[in-house]
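Engineer: How does the following fold in three dimensions:
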Amino acid sequence: MRFDAKTKFVAVLALLTVGGAVAAIASAGQGDPQLTPVPSANTRSDGFAPASVLSPELRQVAVAQGSTKLENPSALTSYYGYYNDVVNASGAPQMLPTPTTNTEAQKSEPDKNTYLVFRHGLKGADPSFDYGTHFLFQGHEADVGGASYITRINLDADGPHRVTLLATTDSGGHPIAAIDGSTWEPWARRLLFTTEDSSVPGVYSATPNYPSTVDDLSGSFGHAAYEGLQDDSDGNIWLLEDSSGPFKNGTKAKAPHSFLYRFVPTKRGDLTRGKLQVLQVLRNGTPITEASQTALNTPDQLALHTYGQSFDTRWITIHDTTVDGTAVFSANALAHTANATPFKRPENGLFRPGTGFKEFFFDETGDTDATSPENPHSGGWGSIFKLTQSRPSADSGKLTIFYNGDQAHAGFDNVAWLSKNEVTFVEDAGDGLHGQRNALDSGWAFDATKDYSNPANRPVRWLAEGRDPSATIDAANGGFGKNEGDNEITGAHASDGDPGPGGILGAAIPHPWQGGEDEDDQGEGDGQWRVFYTQQHGDNTTWEVLRAG
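Structural biologist: Numbering: from 1, shown residues only. All right, here's what the predicted structure looks like:
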């Protein structure tokens, strides 16, 4: 990508999720600060650990890192980003391999961030300490022996009280499975976490206080490889599934195998009763299914990824607790039986702010391999879709392609809105594609008002993610058998922390780093938008992105 001069951007920058911070485009003369585009991605080579590059008008501050000690250690974990499965002579986790050992402690991979402000504060492990009012929550994506945990960064606290271990087991005493996505449900007053593993509970709910009460919601949400999740103003929970399909004809192209779901509660705030629905896309009145996308570059896949094409959609109920009860079920299996429409790993999505929850943008991560024959025209590089409905609970809608990826813009994962029109999607291309294109991940800003079928309209790189020395060592050693390698951008999150219905992402227009009115009907929140992301793997650092100077 080439930039002729400094471009105007909205100071609603976003984060590096699978890591970073983001800058959004704005027209000249609006009084927004100028953010200089980052001209290129960081290259990937053996032993090279480049720093992340943000627009020079931005800076970042670490709010926690993997080696931050928990205020209340447990046998499972004692530090923010590590497990205690491999310890050194002093009992601390082995954070780097030694010359005599070819192993290290499992990194926990803190994932998606959820920022909340509680004016009356929250409790922690120390009953005499004032933990403040600003908090950042994470579930941890990796596990040890099927066990993971939930943490809370106390943003107003000192070092010894900075990170609280909220829970390692659910209310039934079972270990918490590895967690990926998270959000806040304001009517239930609960955090929601997803697990991205169809063999374990798909969704947990958790209280924000210490100790957290964590409930398994398998009876209503079922089991699926859920990743992204987001609520709407009607109290529905939208979920995206990250499950790879089989390879096609011996190539690196994967069959679409993952679905977009919506949980419609019987009563707003009741997460245990309701209907689970799945999206079906129609082409010329006929459902697009996995069977219609099994061959290479099928007509259905080509049509879905063609600019200007519009498809009717409808929601199909696949499970109803009133009729089907609360026994554990496979959401993916029911979606296939219902002839729903699968995508190439639709990992995350959010509602466009200011639209009344009528526009939902979501991504496909794609095949993350430069040799996939479905890269150019069938979503192999990754893509972004726009689903439009008359209201959030509507039974039907329209689906269009918003952006088709290419080698330089590939493997989209996390998403955050930075203004009414600017949205950032960040990459999780993986070590394989990093090496194939000799480029680490980037964060991109898109303008929802632009037509990206026009080559003159291009997304803007606001972040070139780096690779810390720990991740560089892991990548050179195959992750020491623990599936670790290059850093990734995750947890990109822009929020004012309002825990009421007015704070649902998509309800209010984001204004990062600017004060605003308190829209929380429960008297909480402070109206200040903040931006966070986690540089996952390696040192597992969680950053807050600020204005430079």
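
Engineer: Shouldn't residue 470 be within a helix?
Structural biologist: Yes: Residue 470 forms part of a helix when assessed by DSSP: H, G, I helix; E, B strand; the rest coil.

Engineer: could you list every residue that touches it?
Structural biologist: Counting by CB atoms under 8 Å, 6 or more residues apart in numbering, residue 470 makes contact with 66, 95, 96, 537, 538, 539. C-betas here are computed from N, CA, C, even on glycine.

Engineer: number of nearby residues for the residue nearest to the fifth one when sequence neighbours are not counted?
Structural biologist: This means residue 538. Closest residue to residue 538 apart from its sequence neighbours, by CB to CB, 6 or more residues apart in numbering: residue 471 at 3.0 Å. Using other CB atoms under 10 Å, residue 471 has 26 neighbouring residues.

Engineer: I'd like the distance between the most far-flung residue of the chain relative to its centre and residue 280.
Structural biologist: Largest separation from the mean C-alpha position in the chain: residue 100, at 37.3 Å (CA atoms, centre = their mean). In this view, residue 100 and residue 280 are 57 Å apart by CB to CB, to the nearest Å.

Engineer: cool, residue 158 as well?
Structural biologist: In terms of CB to CB, residue 158 sits 52 Å off from residue 280.

Engineer: In terms of packing, which of these two has more residues around it?
Structural biologist: More crowded of residue 158 and residue 280, by other CB under 10 Å: residue 280, with 21 against 10.

Engineer: SS state for the more buried one?
Structural biologist: strand.

Engineer: May I ask you to confirm that it is in contact with residue 337?
Structural biologist: No: between residue 280 and residue 337 there is no contact under CB atoms under 8 Å: 12.0 Å.

Engineer: pLDDT value on the residue nearest to the spatial centre of the chain, please?
Structural biologist: What sits nearest the mean C-alpha location of the chain, by CA atoms, centre = their mean, is residue 414, with 3.9 Å. At residue 414, the model reports a pLDDT of 96.

Engineer: Just confirm it is within a strand.
Structural biologist: Yes: assessed with three-state DSSP, residue 414 lies in a strand.

Engineer: Please verify my assumption that it contacts residue 488.
Structural biologist: No: judged on CB under 8 Å, residue 414 makes no contact with residue 488 at a distance of 9.4 Å.

Engineer: Whichever of the contacts of residue 470 end up buried, select them in PyMOL.
Structural biologist: Applying 16 or more other CB atoms under 10 Å to those, the buried members can be selected in PyMOL as follows:
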select buried, resi 66+95+537+538+539
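
Engineer: And the strands in the stretch 351-500 of the chain?
Structural biologist: Counting by DSSP state E, counting those that start in this stretch, the stretch 351-500 of the chain has strands at residues 359-364, 383-388, 396-404, 412-417, 422-427, 442-447, 460-464, 488-495.

Engineer: Point out the most buried one among those strands.
Structural biologist: Using mean count of other CB atoms under 10 Å, the stretch among the strands of the stretch 351-500 of the chain with the largest mean neighbour count is strand 422-427, at a mean of 32.

Engineer: Let me see the mean pLDDT of that one.
Structural biologist: Rounded mean pLDDT across strand 422-427 is 94.

Engineer: Could you tell me the angle between that strand and strand 396-404?
Structural biologist: Compare the direction of strand 422-427 with that of strand 396-404 by axes from the mean of the first three to the mean of the last three CA atoms, to 10 degrees and you get 70 degrees.

Engineer: Send me strand 422-427 as PDB with only the CA atoms.
Structural biologist: What follows is strand 422-427 as a C-alpha-only set of coordinates in PDB (Å, rounded to 0.1, in the frame of the first residue of the first chain):
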ATOM      1  CA  GLU A 422     -15.000   3.600  11.100                       C
ATOM      2  CA  VAL A 423     -14.400   0.000  12.100                       C
ATOM      3  CA  THR A 424     -11.200  -1.900  12.600                       C
ATOM      4  CA  PHE A 425     -10.600  -5.500  11.800                       C
ATOM      5  CA  VAL A 426      -7.300  -7.000  12.800                       C
ATOM      6  CA  GLU A 427      -5.500 -10.000  11.400                       C
END
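
Engineer: Report all helices and strands that it contacts.
Structural biologist: Strand 422-427 makes packing contacts with strand 15-16, strand 24-25, strand 412-417, strand 442-447, strand 488-495 when contacts are defined by 3 or more CB pairs under 8 Å, 6 or more residues apart in numbering; DSSP states H and E.

Engineer: Now do the fourth one and strand 488-495, the angle between them.
Structural biologist: By that I understand strand 442-447. Using the same axes, to 10 degrees, strand 442-447 lies at 40 degrees relative to strand 488-495.

Engineer: Name every strand pairing with strand 442-447 and say which way it goes.
Structural biologist: Using DSSP bridges, strand 442-447 pairs in its sheet with strand 422-427 (antiparallel), strand 460-464 (antiparallel).

Engineer: Can I get these in JSON lines including distance to residue 203?
Structural biologist: Below are these laid out as JSON lines (distance: least, CB to CB, whole Å):
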{"stretch": "strand 422-427", "distance to residue 203": "23"}
{"stretch": "strand 460-464", "distance to residue 203": "30"}
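
Engineer: So for residue 263, which of the ones you listed sits nearest?
Structural biologist: Closest of these to residue 263 is strand 422-427, at 23.7 Å (criterion: CB to CB).

Engineer: Would you pull up how far that closest one lies from the middle of the chain?
Structural biologist: Distance, stretch centre to chain centre, for strand 422-427: 11 Å (CA atoms, centre = their mean, to the nearest Å).

Engineer: Now tell me which helix or strand of this protein has the poorest mean pLDDT.
Structural biologist: When each helix and strand of the chain is scored by mean pLDDT, DSSP states H and E, strand 15-16 comes last, with a mean of 32.

Engineer: Before I go, just wanted to say thanks for your time.
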